[in-house]
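**Q** Would you be able to build a 3D model of this:
(chains A, B, C, D, E and F)
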Protein chains: 6
Amino acid sequence: MSGVDLLTFGEVLVSLRSTGPLHLGGPLTMHMVGAESNVAVGLSRLGHRAALAGRVSDDELGEFVLRELRAEGVDTDGVRRDPDRPAGLMFLERRTADLTRVVYRRAGSAGSALDVDDLRGPLAAGPRLVHLTGITPALSDSARAAVTWAAREAASAGTTVSLDVNYRTRLWSREAARAALTPLAGYASVVVASADELDLVAEPGADEDTAVAGLLRRGVHTVLVKLGADGARAHTRDGVVHAAAVPVTAVDTVGAGDAFTAGYLSGHLDGLDLADRLQRAVALGAFAVAAHGDWEGLPRRDELSLITGSVAGTTLR
Amino acid sequence: MSGVDLLTFGEVLVSLRSTGPLHLGGPLTMHMVGAESNVAVGLSRLGHRAALAGRVSDDELGEFVLRELRAEGVDTDGVRRDPDRPAGLMFLERRTADLTRVVYRRAGSAGSALDVDDLRGPLAAGPRLVHLTGITPALSDSARAAVTWAAREAASAGTTVSLDVNYRTRLWSREAARAALTPLAGYASVVVASADELDLVAEPGADEDTAVAGLLRRGVHTVLVKLGADGARAHTRDGVVHAAAVPVTAVDTVGAGDAFTAGYLSGHLDGLDLADRLQRAVALGAFAVAAHGDWEGLPRRDELSLITGSVAGTTLR
Amino acid sequence: MSGVDLLTFGEVLVSLRSTGPLHLGGPLTMHMVGAESNVAVGLSRLGHRAALAGRVSDDELGEFVLRELRAEGVDTDGVRRDPDRPAGLMFLERRTADLTRVVYRRAGSAGSALDVDDLRGPLAAGPRLVHLTGITPALSDSARAAVTWAAREAASAGTTVSLDVNYRTRLWSREAARAALTPLAGYASVVVASADELDLVAEPGADEDTAVAGLLRRGVHTVLVKLGADGARAHTRDGVVHAAAVPVTAVDTVGAGDAFTAGYLSGHLDGLDLADRLQRAVALGAFAVAAHGDWEGLPRRDELSLITGSVAGTTLR
Amino acid sequence: MSGVDLLTFGEVLVSLRSTGPLHLGGPLTMHMVGAESNVAVGLSRLGHRAALAGRVSDDELGEFVLRELRAEGVDTDGVRRDPDRPAGLMFLERRTADLTRVVYRRAGSAGSALDVDDLRGPLAAGPRLVHLTGITPALSDSARAAVTWAAREAASAGTTVSLDVNYRTRLWSREAARAALTPLAGYASVVVASADELDLVAEPGADEDTAVAGLLRRGVHTVLVKLGADGARAHTRDGVVHAAAVPVTAVDTVGAGDAFTAGYLSGHLDGLDLADRLQRAVALGAFAVAAHGDWEGLPRRDELSLITGSVAGTTLR
Amino acid sequence: MSGVDLLTFGEVLVSLRSTGPLHLGGPLTMHMVGAESNVAVGLSRLGHRAALAGRVSDDELGEFVLRELRAEGVDTDGVRRDPDRPAGLMFLERRTADLTRVVYRRAGSAGSALDVDDLRGPLAAGPRLVHLTGITPALSDSARAAVTWAAREAASAGTTVSLDVNYRTRLWSREAARAALTPLAGYASVVVASADELDLVAEPGADEDTAVAGLLRRGVHTVLVKLGADGARAHTRDGVVHAAAVPVTAVDTVGAGDAFTAGYLSGHLDGLDLADRLQRAVALGAFAVAAHGDWEGLPRRDELSLITGSVAGTTLR
Amino acid sequence: MSGVDLLTFGEVLVSLRSTGPLHLGGPLTMHMVGAESNVAVGLSRLGHRAALAGRVSDDELGEFVLRELRAEGVDTDGVRRDPDRPAGLMFLERRTADLTRVVYRRAGSAGSALDVDDLRGPLAAGPRLVHLTGITPALSDSARAAVTWAAREAASAGTTVSLDVNYRTRLWSREAARAALTPLAGYASVVVASADELDLVAEPGADEDTAVAGLLRRGVHTVLVKLGADGARAHTRDGVVHAAAVPVTAVDTVGAGDAFTAGYLSGHLDGLDLADRLQRAVALGAFAVAAHGDWEGLPRRDELSLITGSVAGTTLR
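**A** The predicted model follows:
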């Protein structure tokens, strides 16, 4: 795993998608999904060396996940087969044209059993970036300990840490999330959140300005606020940059946030300035929503020009 | 549920079938499966009133199971939605042309949480037959207690009890199975087993004659031994009747044993003599193996003549 | 069939759907469809006891229809197999993105042979509501006689009768429809119609106000006027209530009217006031158009909150 | 239609195929089928000019049939659109691995309304061969009159007439068939039948030798007896030739008889001797059973060498 | 091929369509495509006799193309099988919701080897119209020579010649195209182009008015300018007529230009005046974009009324 | 690519499979296929480090091939994108149940342009085994030169070289193949051939014993003769070992030879003795034929026990 650009870790689920109401039966298609794997795929497709660490089940479903990760060029040396725990699953149905609904089967899964030992090797290999999400600490005590350990180790080794808040209602309460994620944010130089997630790494109820100010004070270098159809804002000590969402026909919005993050981190690895990072971020978000699947539509580097974002001038702070 | 001919109870799983190797992904089809539901469907299609009791998850997968049971005319008044437990799942892949392989996800499922209270109402309605399998007692302590309670209650009420041994290696050891099933067999008037399952309701290592003799001594009226492609034998105090398997092109052997049992019990409900019951049993087994799916190929009453079994004369004991 | 909330009767067709031009061949999918069965399914999914009476063919296609009705929990005790007549069919192709086209094969079908005797038993069981549509009387003389008989019997027994005008150009002329439906409306306490159907239960050419006034005069309690994308109006002696259509992404508008009616009747059975009935009606219409199929997208009771309608204040008459 | 090698006429049905039990729903595929169209396709693929006359419905289903005939190069100038009658349909399900079952919807169809006027033009064009089957006269009085008229006209014009007995139990009784087909056979120079159909063009109960002798006496030149897996026998005044069936893996036996006939008639048109005609006949039968569909697997001329039949020496009479 | 209304010639490709990203694999569907065959199908469906000349490969793919052309009633007597060259292919993927992408495999194909001799017979049969596109001359030297020869021959025989500029970036440069197409336009009485293609039959950089003026001066009777969603303009010596695009839901815009041309030429063959030709042209364009596939959605004559275009009054020149 | 166990090189094609006659159209599925990639996948699945070198097209089809190779864990560092040449394709149709037919589109493909420079790096990395096939030298002059160079280099470096004769009729004559392959065999320590290929690495017409004797004399250590359903023979200086084919239900025999070779080479890498290597070879052959696809059914190491071969005792020479 030497020479890795990005290391991320977390649970990769097997998603079983139905095109109609699930209770009517009908065919399901299998997909590898996960906020962290989405980011890893996004970077790998752009030519960066991305590695994923974590656990998958030691059965055909775990094999499926590994096969997909390898297919996408993601380094899987840090993925461990857990002989005792099953694959995390989710059933995804399109309930109405406007409403997608999920049935989870991830409690006690292999992916949720991540612990510190799973991360020692991958982290020791010295990645340039370590990317965390707020999902992994919600999975189990050992997973939370592992994420915290890795964030601290990476930060103290001078590795850039990014954190996507990614709050999941079904996994824990806002209070529990805040308690776990606020300290994590302290290790991060990049924090990504949607507007309503910002107070999970700040005081309860804090508004965007207050939350951002607090994060910058604690040493975060860049705070990215995802605004969906309104694009995104990047806050640094120098001020605020806004990027509009790229207008495309949206067919599947799942995975857009992860694509955005992957675009930003790719720009970071390429040494782009903030405006160009943001531009790549919104472009990747557009690729994600314009294709079916969480990551299937993400671009290779030679495809980046197919969709281009634009960024307004910086507002001085 | 009044006027029910057959009551059975146990777990109904959602089976997700792949036509190729599972680790390659590809479409999955959804099916309701379960030894007990297979028997219930078999009887319902033949015009008997069959009821299933048990628990299904309170989500879209549980709804799917209920929908399929209702479609097949199985009485679901005794099926309870469990708000706290997930659906039992199995992934079924055809690994090679000759080898089907299963990944189970049923531990802690709604179906496994069956308890005595779930069965009180259905049993009180006074079914003519109560059908048990050796799978349900393997699911949990409460399920084992429920089955034992129901067997005893039914027997003491003079209701005919049938037991299909149905040993499942992945759920428990032969020793644990023997310990649970041997007492159950004492309540049964019909016991169904494959040749290598017979000693699970007898002494360890007992051969067919010894095992059968013991069962008949304990009050079992008929012992049915399933012989696969060799048909089946029925033992009673009067002797042994053998039925050849009906020669059909087999495309899917799963569910053949349940179909056999359904055919026998249907003959019992219709008041047929032993040879005719057995003939119907092997005919239903043939329907099952000649079609894809566990129960999808079972006949309606007007279709019974499409495949007919034959039975050799009784050998006097 | 005791304890039935709603009884309805009519023809259930087998619809064969093509996703492309029918003359190019290609796969067809099978669906149970029918204005009356759509209403029955709508009520059953919401937890009401709905029963359908009528005839289906005594072959695999009739079996398919029965299987689907049972799957949806609709009471089929009053469905009779007709040994002499075939299943009613329709081929449905999407000719262009905006145009769906139908080829009917229903003349002389089992469903069209409905007669008074088919309805005696179901009606004697004492349903709370009897729902009629203007389709059934167009199918045959015996069907028209049966509907008229049932309307009169139900009305004289004090059972609430609802009538959806549901004019079908291909089955009869406006004159013939008016001659048959106007007397039927006299037995109804609820009449449902689109704006251009209103004069089929009034004088030829009557406008909405005139037609409604006439119906109210003849004893109809509520007249519901379906306005498509503009929602619906409910007229009573107290005035007019308007409900806007719920804004959802429409993918298939077929069945929206039946869903609307089912929502209204469900509210009636639940004892809701007029505004709340109307709100449920437009919500069900929204569920119907937001999913593929005539009834497949209809909600269960626990799903009602996914889409909520709104109703403007009553205009006093 | 000038220069046509073979003219045949009859009903072309739209077959809707299900791969599983029909009552479970599931996708259906559309196919053009018909004994006469199968023969026409078989000859067209081998490079002969084949024409079909008859009626199809004036809707999308009739259009589908025309499109398939044209795709196969069959001359459709003699196919008339009937504005008043629907397409003939059949539903075909594979009930078990060994049993295919059909639901017909052809009564009153466009195809069954064939009359003498439909055939005047096509026959006047002077085809080299006119092929009749015993199905068309069973469809209606006018169709029977048309077939008889055409057989007589063709025979009196010196055109070779072939007749495939093709008895269909569901359409008429053996007695009715015999009454209609026996006179027809008198116009034929080639009669094709399976062994159990021979007495439909002879005295009731006549055995093969008797029936053949009678036909030869009445002027028939060649009597072909199809023996399924045992191949076929050709009787002429010179004796009997037997051809073994070509051993191939059979996946769908429907259409094999029509393929056999097409092969024989192709050999006739090519001026082959009897043994070579028979060899081509059994080869085409083998192509038909080795592929799915009634005619889809039939060979082009350059494919004839892929499967070759063999014929035993002639037995002198 | 006598009595042909329209003769066109060029390459018919086999298009392999993927619904998702091509590099992920997944099923492909096969389609016959080609600007010239699209026009021929459009005219054939409207009841005109359309013939296509050209070469297809002498393998199963060439057979597929022939089968589709025949199915659509296009005269294929002038299609020659090339024993030495493969079928032209294209892979078409929907990269994003808004972006369709093509991988071509047509270099050295059978279709590109068209030469003068291939066209002698078809042209000698005396079609009423000869339709050329700017694609064929880009395929090879011999194809360019063949098109030029045919244009000249047809023009000198007084046959109406139409030319659709149809510039393909991947096949040749604008300069090469202009050099080949400008002389061709001199033989045409109808020239069809999109706005940005006009200067390929004029001086480089010429604007619409200049280009049109030049063409009219050179003897072109009508210049049709396709404006996509803005409809089309027809220039003649009498002035300009504009037709708005018909507002339909567009699901697949490929083939719209060919449909437009087919509509115009159909109107020409029917002797309609300019406004009515244009109206039919935009109507056919609407049919094309409202259905999937390049030509699959084109109307039969009885379907023309389903979508109707409108044309503004003529602006006098 | 350091630490590679097996290096192989050659063309990987995109196979487009139709389940029915190709000329009827219908869906195609995409598969990566190639004799060398099949061997590489076979070894990778068993846990060996396998690398493939060669060229793929620089488009979506080349991306597909790379994605599949990576998914299977094959090292693709030595795979080069060729910007100027297209992907090699093959269309594969099942013409009859017994006959699979192929249309190739590989002339001038990226894969055929392999040259010496493509192999320098991969070979320099020092693989333990180098595997060659007789297909690659048939693709082009540069490919033949590359294979010869690599064989000589590997042999002189003391690396084990294996050669599978793999004669392809469509690519070259037996004479040309013999001229190229006979010298190659001189570098190999393992030669694999079917019985009728043996004289392509010997004198024309040589029988098995003569050919084997010659090869052993020239330094080949082991000659493996594939006998299809009769298993295989391994000749060494010590004598002959025969292994029976493992009896399984064969559904697709393509790829069986490559699987056999992969099994043998895996045994070689594991240090097994000859009998055990051969046993693994026939077991892998059985896995290949028992599943659809060329390599899809190959086993992982933990699956090897699912099918086990057996080997007869050695016959002393």
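**Q** for chain F, what are the nearby residues on the stretch 201-317 of chain A?
**A** Neighbours of chain F within the stretch 201-317 of chain A, by CB under 8 Å from any CB of the partner chain: residue A:300. The way it works is simple: take the backbone N, C-alpha and C, and place the C-beta from them, glycine included.
**Q** Could you count how many residues lie near the residue of chain A found nearest chain F?
**A** At 3.6 Å from chain F, residue A:71 is the closest residue in chain A, using CB to the nearest CB. Residue A:71 has 22 neighbours, counted by other CB atoms under 10 Å in any protein chain shown.
**Q** Now do the SS call for the residue lying closest to residue A:157 once chain neighbours are set aside.
**A** Excluding its sequence neighbours, the residue lying closest to residue A:157 (CB to CB, 6 or more residues apart in numbering or on different chains) is residue A:126, at 7.8 Å. For residue A:126, the assignment made with DSSP: H, G, I helix; E, B strand; the rest coil gives coil.
**Q** for residue A:261, same thing?
**A** Under three-state DSSP, residue A:261 comes out as helix.
**Q** my read: it touches residue A:192, true?
**A** Yes. Between residue A:261 and residue A:192 there is a contact under CB atoms under 8 Å: 5.2 Å.
**Q** shared neighbours of the two, which are they?
**A** Common contacts of residue A:261 and residue A:192 (CB atoms under 8 Å, 6 or more residues apart in numbering or on different chains): A:162, A:164, A:224.
**Q** For the stretch 1-150 of chain A, give the residue positioned nearest to chain E.
**A** residue A:71 (8.7 Å).
**Q** Apart from its neighbours in sequence, what residue is nearest that residue?
**A** Closest to residue A:71 by CB to CB, 6+ apart is residue F:71, at 3.6 Å.
**Q** and the one you found, what does it touch?
**A** Counting by CB under 8 Å, 6+ apart, residue F:71 has contacts A:67, A:68, A:70, A:71.
**Q** Restricted to helices, list those residues.
**A** Among those, DSSP state H puts A:67, A:68, A:70, A:71 in helices.
**Q** May I ask which of those has the most neighbours?
**A** For those, neighbours tallied by other CB under 10 Å; top is residue A:68, 24 neighbours.
**Q** That one and residue A:291, how far apart?
**A** 16 Å (CB to CB, to the nearest Å).
**Q** now do residue A:248
**A** 9 Å.
**Q** Now the common contact residues for the two.
**A** E:96, E:97.
**Q** who's more crowded, those two?
**A** residue A:291 (25 against 19).
**Q** Spatially nearest residue to that one (excluding sequence neighbours)?
**A** In space, residue A:291 is closest to residue A:297, 2.4 Å off (CB to CB, 6+ apart).
**Q** Where do the strands of chain A begin and end?
**A** For chain A, the strands defined by DSSP state E occupy A:6-9, A:13-18, A:28-33, A:50-57, A:79-82, A:89-96, A:99-105, A:129-133, A:160-164, A:190-194, A:222-226, A:232-236, A:239-243, A:315-316.
**Q** Can you tell me which of the contacts of residue F:71 comes closest to residue E:149?
**A** Minimum distance to residue E:149 across the contacts of residue F:71 is 51.6 Å, recorded for residue A:71 (CB to CB).
**Q** What residue, apart from its backbone neighbours, is nearest residue A:214 spatially?
**A** residue A:202 (5.0 Å).
**Q** what does the model give the one you found for pLDDT?
**A** Residue A:202 is assigned a predicted lDDT (pLDDT) of 95.
**Q** What does it show for phi and psi?
**A** Backbone torsions for residue A:202, taken as degrees, to the nearest 10, come to phi -150, psi -160.
**Q** The nearest residue to residue A:278 once chain neighbours are set aside pairs with what?
**A** Leaving aside its sequence neighbours, residue A:278 sits nearest to residue A:243 (CB to CB, 6+ apart; 4.4 Å). Residue A:243 has the following beta-bridge partners by DSSP bridges: residue A:232, residue A:311.
**Q** So what's the residue count around residue A:243?
**A** Using other CB under 10 Å: residue A:243 sits among 27 other residues.
**Q** Same question for the one 10 residues further on.
**A** Other residues within reach of residue A:253 by the criterion other CB under 10 Å amount to 14.
**Q** quick one: it from residue A:170, how far?
**A** 18 Å.
**Q** And for residue A:185?
**A** Taking CB to CB, one finds residue A:185 at 22 Å from residue A:170.
**Q** which one of these two has more residues nearby?
**A** The neighbour comparison of residue A:185 against residue A:170 (other CB under 10 Å) goes to residue A:185, with 25 against 8.
**Q** For the closest residue to chain D within the stretch 151-300 of chain A, give me its contacts.
**A** Proximity of the stretch 151-300 of chain A to chain D (CB to the nearest CB) peaks at residue A:292, 21.5 Å away. Each residue near residue A:292 by CB under 8 Å, 6+ apart is listed here: A:251, A:252, E:20.
**Q** go with 6 Å
**A** A:251, A:252 (CB atoms under 6 Å, 6 or more residues apart in numbering or on different chains).
**Q** Please report how far it lies from residue F:49.
**A** 35 Å.
**Q** what does residue A:80 give?
**A** 19 Å.
**Q** hang on, the residue nearest to residue A:214 packs against residue A:211?
**A** Yes. Between residue A:202 and residue A:211 a contact is recorded at 3.7 Å, counting by CB atoms under 6 Å.
**Q** what's the neighbour count on the nearest residue in space to residue A:109 that is not next to it in sequence?
**A** Using CB to CB, 6+ apart and skipping the chain neighbours, the partner closest in space to residue A:109 is residue A:88 (3.6 Å). Using other CB under 10 Å, residue A:88 has 28 other residues around it.
**Q** Can you report phi and psi for residue A:88?
**A** phi -80, psi 130.
**Q** what do you get for residue A:272?
**A** When read as degrees, to the nearest 10, the backbone of residue A:272 gives phi -70, psi 160.
**Q** which non-adjacent residue is nearest it?
**A** residue A:280 (7.0 Å).
**Q** right, and residue A:25 touches residue B:30 too?
**A** Yes. Between residue A:25 and residue B:30 there is a contact under CB under 6 Å: 4.5 Å.
**Q** Between these two, point out the one with more neighbours.
**A** Each of residue A:25 and residue B:30 has its neighbours counted (other CB under 10 Å); residue B:30 has more, 24 against 19.
**Q** Quickly list what that one is bridged to.
**A** residue B:16.
**Q** before we move on, the earlier item: correct me, but the residue nearest to residue A:272 touches residue A:265?
**A** No. Residue A:280 is beyond contact range of residue A:265, at 9.3 Å (criterion: CB under 6 Å).
**Q** between those two, who's got more neighbours?
**A** Neighbours around residue A:280 and residue A:265, counted as other CB under 10 Å, are more numerous at residue A:265. The numbers are 31 against 27.
**Q** what residues are up against the more buried one?
**A** Contacts of residue A:265 (CB under 6 Å, 6+ apart): none.
**Q** how about 10 Å then?
**A** Counting by CB atoms under 10 Å, 6 or more residues apart in numbering or on different chains, residue A:265 touches A:5-6, A:8, A:39, A:42-43, A:46, A:48, A:50, A:128-129, A:131, A:160, A:162, A:164, A:190, A:192, A:277, A:280-281, A:284.
**Q** same question, residue A:49
**A** A:1-7, A:40, A:43, A:73-75, A:127-128, A:269.
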